[in-house]
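1. Give me a model of this one.
(one chain, ligands or ions: 1)
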Amino acid sequence: MTTATPSGPAAEEVAFLIIGAGFSGLGAAIKLTQAGHRDLVILERAEDVGGTWRDNTYPGCRCDVQSNLYSYSFDLKPDWSETFPAQPELWAYLQQVASKNGLRQYLRFGHEVTDARWDAGAQRWQVSTTQGAFAARYLIAGVGFLVEPSLPDIAGIESFQGTVMHSARWDHSWRAAGRRVAIVGTGASAIQIAPSIQPEVEQLTVFQRTAPFVVPHTNHPVKPAVKAMYRIAPATQRASRMLVYWMRELLALGFIKNPKILKRAETAWRKHMEGAITDPLMRAQLTPTYNLGCKRVLPSNDYYPAIARPNVSLVTEKIIQIRPHAVVTADGAEHPVDTLILATGFHVTDSPTFGKIRGKDGRPLADALGTTYLGTVVPGFPNYFQLTGANTGLGHSSMLFMIESQLTYILDGIGKAQAAGGQFEVRPEVAAAYNAELQRKLPKTVWGSGCSSWYLDSEGRNLTLWPGFTFDFRRRTREFRGADFLLGQRR
Ligand SMILES: Cc1cc2nc3c(=O)[nH]c(=O)nc-3n(C[C@H](O)[C@H](O)[C@H](O)COP(=O)(O)OP(=O)(O)OC[C@H]3O[C@@H](n4cnc5c(N)ncnc54)[C@H](O)[C@@H]3O)c2cc1C
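-> Numbers count the residues shown, from 1 in each chain. The predicted structure is shown next:
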């Protein structure tokens, strides 16, 4: 069905409009269809499903949570090839999930949402995209939080004459052989890229601002007998999922409650690093100056050995300029390179999409992130759900656990809102009390122990991480409590 909008072309009417076809958006569509809702559309700006696992195709890209936990609990895959699969297998999993659950009919690729605003008169979300308009009763944003590449603002970068690429926009026509490459950054992507290209390149220069804690990786192939067991007796894979889950919650104990627990992890890190690096100067450069866990802990068995190779230099001086064929650092050194790999992360709380979604007073979501309740609903944003929203990120476990908790909450909310007349909006005072609680807790966690990280926004506020156990988040999202909301016909 279509309706004319006051100012633009006819909008397609839909009950549920989902933005994004990653784990969040696809998960929402599966849960909605399972609940009997068929009046839905999934808008995706790219040409395929997959989100993170479609966009990050750099060499070595792999998840750092076991796939038995980093996959939907309602769509287990018994035949993962490795315990921590690489990007192609995760992307293929999401493509299969979309097809198997009949989601293809709801997907609209090449539809980038350029504007979404609540129309109080029509009680609809009016959504503009690069390919037409939609009017929706409920808007569910699964737009991701590590999705918009952040490019460094370095003087002269536009004058660079070689190849420049962000880790999430890999140029597959580029060949590593014989290249002189600079990797800017030493976060999760950089430590996967460096060892993958080091054997081929002529020279690799890794520009490090802060040293990460790189710990042993336990990835290994899944034996055929284990795959067979998972297929024949799915309960065994569920048991493995449980085991992984609880081992990871133990880590949370260290991050949230008692950093002393992390001392053992620090000892393991030191052994790992010193086993690969013998040069005392390099050891010092690779030693973090903050508490383990404050920045994301990175698993890799080949990063430190790669850094120690003769064709690799580790530079800890600040980059001050890019010239057409070189990177210049604060000590005046010029490092000749023909390729710049920007492993510089993402716009997290400042993602441009948050400026395009506006609530009932025209206020952009970007200004309201800090008022999000349970990472999912926002005061002033009626009939709006956000997946992987503010303070749902994790430093220790699988985002799938958080996403599935949110999906339960959303489905319960839709049922309750529909029963009450169709509309909901979280009470501002409920959201305010919740956020005050989070911001009280966060400084006492390891993430508040004084390092700078992408978990913090420009004002030093942590709007990214959940400061507790994930089972606590699940408990709190089990029920969409009517008392927390203004429910009814019209707001
Ligand atoms: C390299 C990398 C490795 C990671 N590894 C792990 C890991 O090991 N464990 C873990 O728990 N998490 C990991 N993460 C985090 C990961 O992003 C989440 O686990 C999960 O994939 C998030 O799913 P999502 O659907 O919410 O977001 P995404 O996967 O980011 O999907 C968002 C989708 O929304 C679309 N979109 C965005 N804006 C618009 C718009 N305006 N209009 C239309 N479409 C739009 C995007 O194109 C994208 O397809 C990793 C992230 C990265 C980048």
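
2. Can you name the residues of this protein that neighbour the ligand?
-> 19-25, 43-46, 51-52, 56, 61, 63-65, 70, 112-113, 142-144, 146-147, 189, 353, 387-388, 398-399 (C-beta under 6 Å from any ligand atom). For the C-beta atoms, the positions are set from N, CA and C on the backbone; glycine is no exception.

3. filter those to the buried ones?
-> The neighbour-count test (16 or more other C-beta atoms under 10 Å) applied to these identifies 19-25, 43-46, 51-52, 56, 61, 63-65, 70, 113, 142-144, 146-147, 189, 353, 387-388, 398-399 as buried.

4. W53 reaches Q95, doesn't it?
-> No - contact criterion C-beta atoms under 8 Å: W53 and Q95 do not qualify, at 9.5 Å.

5. Looking at those two now, which is surrounded by more residues?
-> Set W53 next to Q95 and count neighbours by other C-beta atoms under 10 Å: W53 wins out with 23 against 17.

6. For that one, give me the backbone phi and psi.
-> phi -90, psi 0 (degrees, to the nearest 10).

7. What distance do you get for it to Y72?
-> 13 Å (C-beta to C-beta, to the nearest Å).

8. And for T371?
-> 29 Å.

9. And R248, by the same measure?
-> With C-beta to C-beta as the criterion, R248 and Y72 are 17 Å apart.

10. Show me where the protein has its helices.
-> 23-34, 52-55, 87-100, 190-197, 224-232, 234-252, 263-276, 280-285, 303-307, 365-368, 399-419, 428-441, 470-476 (DSSP state H).

11. Just list the residues touching E437, thanks.
-> If you count contacts by C-beta atoms under 8 Å, 6 or more residues apart in numbering, E437 has none.

12. what's the answer for Q439, then?
-> Contacts of Q439 (C-beta under 8 Å, 6+ apart): R461, N462.

13. Model confidence at it, what's the number?
-> Predicted confidence (pLDDT) for Q439: 93.

14. so which residue of the stretch 251-400 of the chain comes closest to the ligand?
-> The minimum distance from the stretch 251-400 of the chain to the ligand, using C-beta to the nearest ligand atom, falls at M399 (3.4 Å).

15. Local confidence estimate at the nearest residue to that residue once chain neighbours are set aside?
-> Take M399 and drop its neighbours on the chain: the residue closest to it by C-beta to C-beta, 6 or more residues apart in numbering is T388, 6.4 Å away. Listed pLDDT for T388 reads 98.

16. Tell me, how many residues neighbour G450?
-> Neighbour number of G450 under other C-beta under 10 Å is 11.

17. ditto for the one 5 residues further on
-> The burial metric for Y455, expressed as a neighbour count using other C-beta under 10 Å, is 21.

18. same thing with the one 3 residues further on?
-> A total of 7 residues lie near S458 under the criterion other C-beta under 10 Å.

19. ok so, going back, tabulate the helices of the chain in JSON lines, adding columns for distance to A211.
-> Below are the helices of the chain laid out as JSON lines (distance: least, C-beta to C-beta, whole Å):
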{"stretch": "helix 23-34", "distance to A211": "30"}
{"stretch": "helix 52-55", "distance to A211": "25"}
{"stretch": "helix 87-100", "distance to A211": "25"}
{"stretch": "helix 190-197", "distance to A211": "11"}
{"stretch": "helix 224-232", "distance to A211": "36"}
{"stretch": "helix 234-252", "distance to A211": "20"}
{"stretch": "helix 263-276", "distance to A211": "9"}
{"stretch": "helix 280-285", "distance to A211": "7"}
{"stretch": "helix 303-307", "distance to A211": "11"}
{"stretch": "helix 365-368", "distance to A211": "32"}
{"stretch": "helix 399-419", "distance to A211": "25"}
{"stretch": "helix 428-441", "distance to A211": "27"}
{"stretch": "helix 470-476", "distance to A211": "28"}
